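Visitor: got a predicted model here, sequence first, then my questions.
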Amino acid sequence: MNCVNHEDREAVLFCQKSKKWLCEECGSHCLSPELQCKFRLDCIIWLREHEGPAKQS
Ligand SMILES: [Zn+2]
């Protein structure tokens, strides 16, 4: 599976809201943050955007 925006890049993230596979670059930010996302609590993109890669517990 490759990125919906980059056919030559391997997709690493799946956006459940837009149902699209995204590469590292495209998955670094939400595609449509203005839209309510019922998957937000489970969204890896949202987490990456708001917590950063180094999550502290
Ligand atoms: Zn991409």
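Guide: Structure received.
Visitor: tell me which helix or strand of this protein sits lowest on mean pLDDT?
Guide: helix 44-51 (a mean of 84; mean pLDDT, DSSP states H and E).
Visitor: give the buried residues for it.
Guide: Using 16 or more other Cβ atoms under 10 Å as the test for burial, helix 44-51 gives 45, 46, 48. Every C-beta, even on glycine, is put in place using the N, C-alpha and C of the backbone.
Visitor: okay, the residues you listed in TSV with distance to residue 3 next?
Guide: Below are those laid out as TSV (distance: Cβ to Cβ, whole Å):
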residue	distance to residue 3
45	13
46	18
48	16
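Visitor: near the ion too, which of these?
Guide: When Cβ under 5 Å from the ion is applied, no member of the buried residues of helix 44-51 is adjacent to the ion.
Visitor: who's in contact with residue 8?
Guide: Counting by Cβ atoms under 8 Å, 6 or more residues apart in numbering, residue 8 makes contact with residue 2.
Visitor: now it: which helix or strand?
Guide: Using DSSP states H and E, residue 8 sits within no helix or strand.
Visitor: compute the distance between the residue nearest to residue 26 when sequence neighbours are not counted and the ion, please.
Guide: In space, and not counting its chain neighbours, residue 26 is closest to residue 5: 5.2 Å by Cβ to Cβ, 6 or more residues apart in numbering. Residue 5 is 4 Å from the ion, where distance means Cβ to the ion, to the nearest Å.
Visitor: just residue 13 next, same as before
Guide: Residue 13 sits 10 Å away from the ion, going by Cβ to the ion.
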